[in-house]
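Undergrad: Coordinates for the following, if possible.
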Amino acid sequence: MKRRDFCKASLLTAGTALDAPKQSTGEHQTAGFPSAPGLTRYVSEFIVNTRFEDIPAAVIELGKKSILDGFGLALAGSVSTLAPLMRSYIEALGPCAGKSSIMGTRLAAPPRFAAFANGAFIHADDYDDTQLAVAKDRVYGLLTHPTVPVLPPAFALCEAQGLSGKQLLTAYHIGAEVECKIAEAIAPRHYMDGFHTTGTVGAFGSAAACARLRRLDAQKTAYALGVAAAEAGGLRENFGTMTKPFHAGHAAEAGVVAADLAALGWTAAPNILEAQFGFFHAAGGGFDPAAIVDRLGKPWTFETPGVSIKPHPSGSLTHPAMGEMMRLIREYGITAGAVDKVDVGGNHGMVTTLLHHDPQTGLEAKFSMEFGIAILLLERKAGLAEYTDAVVQRPDVQEMIRRVNFYVDSEADEAGLDKMTSIIKVQMKDGRVLSGRAQFAKGSPANPMSYDEVAEKFRGCAGFARWPFEKTDSVIEFVRIMETAPDVRRLTAMLAVGA
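TA: Okay, the predicted model is just below:
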């Protein structure tokens, strides 16, 4: 359907097509707020009507890389600093029998709690995939983390119901697509004023995947989106604490709750996205209809502009500079002792988001450009073992951090927020100045990881969790041909202790 036809049809059906109680249709919008009547209905129908066969084969394959990545990160997260607290929380819920596994543990729980725990585990190390922005006023790589709010609830429901790999893939792609298009559409104010999009917009992705797996019709799916909007939350001030992964876990859980309530007959606003007092207006102050109206699956976000898989367990904005720093280290044989100072210039979105300039913990270091550069100079690597409190607090690391100057560079700023332009100058003690510049990192669509390279990252995460080699390779091969699996519960034994 062409956009003009969609809008014309929406004008005729908005407010009545869902056969819902009469509500505000947003006709008296705040001046300047876009009008897109019928938008929530359009999103709901996409969720209900999209088939596995409608998803391009290339998109399916791209999604498998992110799914494998997510499973590996859940295993790594199961031994993170927040993991003992999460296990205690799940155990304290008491006798709530469930069939959905808490990855990396011997625990099982109802889908909502499994989604919460696994979502927090996947995001615990800030090592999960990121959606790429295309507009210059959107911070590149900081729209949302597509997989973490969607994979845990979709897998939990598929486990509970004994559904197939094809059903999991379909729900996952529908949820990620809805999440990403909403993130692209909402006004930049949403993120820049402090909302954490993975926690807010992620709730919609989870609700979309769960509504599909619960086989809700369009009306109930719209209600599920309305409930998810009421649950959406997350604030950037929590970056560098355990509450950042809480945002992701809560978003994953929110979709399960929303779909479960809608399935029982729970109602909500059927126009929650576009309404005057709806999500786009309240949370963003505006949105771009052209980024979402008649755009779901046209093209799929995984295809264009793409999703980036992280090479390091830190904020994605550190990665181009870290990749370029590693190139300089290898090319010139740089050692930490020979470096007087390192200047790293980025745009203002990078400098304000990577807010920990004097990190003291592993969590803070994930949002510190200074630590990322310093640890590469000292260790020539920056993996899960490096982003720990003990390493960050080492005297040599703290001293090296003080030699890294991370600043707003006018040239990087002019390049636009849709790029991660990183300008490096390494001032050597012998007087040499070694320079580098990068906009993209390994794992981005411009320099993608292959499935086998993601498999190596998965092995690293599994090894960090001391996962058995046999189970590790079984997961890699299962995900590679997931669409042929009649029951995803075969994965349970591969991802749970003692299963």
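
Undergrad: could you pull out the strands for the chain?
TA: 100-101, 108-109, 130-131, 307-308, 339-346, 404-408, 422-428, 433-438 (DSSP state E).

Undergrad: Grab the most central residue of the protein for me.
TA: His145 (1.1 Å; CA atoms, centre = their mean).

Undergrad: Now that one: phi and psi?
TA: Here is the backbone geometry of His145 (degrees, to the nearest 10): phi -100, psi 100.

Undergrad: hmm, back to that, Throw the strands of the chain into a markdown table and include mean neighbour count, thanks.
TA: For the C-beta atoms, the positions are set from N, CA and C on the backbone; glycine is no exception. Shown next, in a markdown table, are the strands of the chain (neighbours: other CB atoms under 10 Å):
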| stretch | mean neighbour count |
| --- | --- |
| strand 100-101 | 28 |
| strand 108-109 | 22 |
| strand 130-131 | 27 |
| strand 307-308 | 27 |
| strand 339-346 | 21 |
| strand 404-408 | 17 |
| strand 422-428 | 20 |
| strand 433-438 | 16 |
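
Undergrad: Select, out of the ones you listed, the one closest to Val454.
TA: strand 307-308 (11.7 Å; CB to CB).

Undergrad: which stretch among the strands of the chain comes nearest Ala252?
TA: That would be strand 100-101 among the strands of the chain, by CB to CB, at 11.4 Å.

Undergrad: Summarise which helices and strands the closest one is packed against.
TA: Applying 3 or more CB pairs under 8 Å, 6 or more residues apart in numbering; DSSP states H and E, we find strand 100-101 packed against strand 108-109, helix 111-123, helix 151-161.

Undergrad: Give the rounded mean pLDDT of the longest one.
TA: I take that to be helix 111-123. The pLDDT scores in helix 111-123 average 98.

Undergrad: show me the contacts for Val351.
TA: 406-408 (CB atoms under 8 Å, 6 or more residues apart in numbering).

Undergrad: Give the closest residue to Leu355 in space, chain neighbours not counted.
TA: Spatial nearest neighbour of Leu355, excluding adjacent residues (CB to CB, 6 or more residues apart in numbering): Phe367 at 5.8 Å.

Undergrad: residue contacts, that neighbour?
TA: 126, 239-240, 314-315, 353-356, 359.

Undergrad: still on that earlier bit, reformat the strands of the chain as CSV; add distance to Glu231.
TA: Shown next, in CSV, are the strands of the chain (distance: least, CB to CB, whole Å):
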stretch, distance to Glu231
strand 100-101, 19
strand 108-109, 19
strand 130-131, 20
strand 307-308, 24
strand 339-346, 34
strand 404-408, 35
strand 422-428, 36
strand 433-438, 38
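
Undergrad: For Arg212, which of those is the nearest?
TA: strand 100-101 (16.9 Å).

Undergrad: what does that closest one contact?
TA: By CB under 8 Å, 6+ apart, strand 100-101 touches 107-111, 113-115, 155-157, 159-160, 492, 495-496, 499.

Undergrad: Now the buried members of those.
TA: Using 16 or more other CB atoms under 10 Å as the burial test, the contacts of strand 100-101 include 107-111, 113-115, 155-157, 159-160, 492, 495-496 as buried.

Undergrad: can you map out the helices along the stretch 1-150 of the chain?
TA: 3-13, 39-49, 57-77, 83-92, 111-123 (DSSP state H, counting those that start in this stretch).

Undergrad: helices or strands next to the fourth one in the packing?
TA: Right, helix 83-92. By 3+ CB pairs under 8 Å, 6+ apart, helix 83-92 packs against helix 111-123.

Undergrad: Check which helices and strands the helix it packs on sits against.
TA: Counting by 3+ CB pairs under 8 Å, 6+ apart, helix 111-123 packs on helix 57-77, helix 83-92, strand 100-101, helix 151-161, helix 243-264.

Undergrad: Now the last one: buried residues?
TA: What that stands for is helix 243-264. Buried-residue list, helix 243-264, by 16+ other CB under 10 Å: 243-263.

Undergrad: Can you get me a residue count around Gly119?
TA: 38 (other CB atoms under 10 Å).

Undergrad: With Val201 instead?
TA: 34.

Undergrad: ok, now which ones touch it?
TA: Contacts of Val201 (CB under 8 Å, 6+ apart): 143-144, 179, 182-183, 186, 232.

Undergrad: Of the residues you listed, which is the nearest to Lys419?
TA: Of those, the one sitting nearest to Lys419 (CB to CB) turns out to be Leu143, at 13.9 Å.

Undergrad: Surely that closest one and Thr197 touch.
TA: Yes. Using CB atoms under 8 Å, Leu143 is in contact with Thr197, at 5.9 Å.

Undergrad: Show me the common contact partners of those two, please.
TA: What both Leu143 and Thr197 touch, as defined by CB under 8 Å, 6+ apart, is the set 183, 191.

Undergrad: shaky segments in the protein?
TA: Along the chain, the model assigns pLDDT under 70 to residues 1-31, 95-96, 136-142, 498-499.

Undergrad: Where do the domain boundaries of the chain fall?
TA: Here the domain assignment for the chain is 3-308, 316-438, based on automatic domain parsing.

Undergrad: could I get those domains as TSV with distance to Pro468?
TA: Formatted as TSV, the domains of the chain follow (distance: least, CB to CB, whole Å):
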stretch	distance to Pro468
domain 3-308	11
domain 316-438	18
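
Undergrad: Those: which one's closest to Thr484?
TA: domain 3-308 (6.6 Å).

Undergrad: Leaving out sequence neighbours, find the closest residue to Arg87.
TA: Thr105 (6.2 Å).

Undergrad: before we move on, what about Leu68?
TA: Leu68 sits nearest to Val479 (CB to CB, 6+ apart), 4.5 Å away.

Undergrad: Number of residues surrounding that neighbour?
TA: For Val479, using other CB under 10 Å, the count is 26.

Undergrad: contacting residues around it?
TA: 64, 67-68, 71.

Undergrad: Swap in 10 Å and give it another go.
TA: 63-65, 67-72, 165, 169, 451, 454-455, 458, 485, 491, 494 (CB atoms under 10 Å, 6 or more residues apart in numbering).

Undergrad: Over to Ser410?
TA: 345, 347-348.

Undergrad: any idea how far it lies from Leu354?
TA: 18 Å (CB to CB, to the nearest Å).

Undergrad: didn't Gly463 look like it was pressed against Ala76?
TA: Yes. Using CB atoms under 10 Å, Gly463 makes contact with Ala76 at a distance of 9.1 Å.

Undergrad: Could you check which of the two is surrounded by more residues?
TA: Ala76 (27 against 15).

Undergrad: For Ile334, see how far away that one is.
TA: 29 Å.

Undergrad: likewise Pro37?
TA: Counting by CB to CB, the gap from Pro37 to Ile334 is 58 Å.

Undergrad: Kind regards, and thank you for your time.
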